[in-house]
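# Build me a structure from this.
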Amino acid sequence: MGVGPTVRVYRGPSTVKLTQELHFHFSGDSSGPALGILTTQEFWEHHDDDRVAFTIGPKFVYDIQPIPKVGFYISPDVSAGYRVEAWESGRTRHRGDAYFGVAAKLLLDDRWIMWVRPVGFGFLFDADYGVAFRYEFIMGGGITF
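Residues are numbered from 1 along each chain as shown. This next block holds a predicted model:
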C-alpha cells in the first residue's frame, strides 16, 4: 500500500493518491520480473466540486537486487488501466490511465517491505479531454508472502 501526491505537469488534476498492489514474481523469490494488479484511489477539489477517481489494471515490475544478499532493490515498473472519475456534482468521466516509474525497495527480515517511488510519470487519456501528464511521488510499505 502506498500514498503520495500527483502533481499536474500538463492538464489533469493534482491529487492525493492511494495505491494497493499485489505482485507475483516468476522466479519464486523477491527478485526479477513480476506481474500483478494495481488499484488506486485519488482525491481532489476543483472549483468547490469534490472529486474522486478509481483505477484498476495490470502492472509489470522488474526487481533488481544490485548487491547480493542485501534486501535492497531497484524496481522499474509500468502499468495501464481503466479509470473512472466521479464528481460531487454527479458527473462521471471514464479514462485510460498509464504510468511508469522507478522505486527503491527495502526488504526487512524477508517479510516486510518499505518502498519509495521518487521517479514516476502518469498519463491520463480519453477521446474528449485528450492527454494529461503528471509527476507522481508515492511511498509505502507492505508484506511479502
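
# Please list all residues in contact with the residue most central in space within the chain.
Most central in the chain under CA atoms, centre = their mean is Thr19, positioned 5.8 Å from the mean C-alpha point. Going by CB atoms under 8 Å, 6 or more residues apart in numbering, Thr19 touches Met1, Gly2, Val3, Leu38, Thr39, Thr40, Ile138, Gly140. Using the backbone N, CA and C atoms, a C-beta is placed for each residue, glycine as well.

# Pull out the buried residues from those.
Buried by 16 or more other CB atoms under 10 Å: Gly2, Leu38, Thr40, Ile138, Gly140, out of the contacts of Thr19.

# thought the first one was touching Thr39?
Meaning Gly2. No. Between Gly2 and Thr39 there is no contact under CB atoms under 8 Å: 11.2 Å.

# Low-confidence bits of this structure, can you list those?
Within the chain, no range satisfies pLDDT under 70.

# Show me where it has its strands.
Secondary structure of the chain (DSSP state E): strands at 2-10, 15-25, 32-46, 49-63, 72-87, 92-108, 112-126, 130-136, 138-143.

# of the buried ones among the contacts of Thr19, closest to Trp115?
Gly140 (6.0 Å; CB to CB).

# Between Gly2 and Thr39, which contacts overlap?
Thr19, Glu21.

# Turn the contacts of Thr19 into CSV, columns for distance to Ser14.
Shown next, in CSV, are the contacts of Thr19 (distance: CB to CB, whole Å):
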residue, distance to Ser14
Met1, 21
Gly2, 17
Val3, 15
Leu38, 20
Thr39, 20
Thr40, 15
Ile138, 14
Gly140, 19
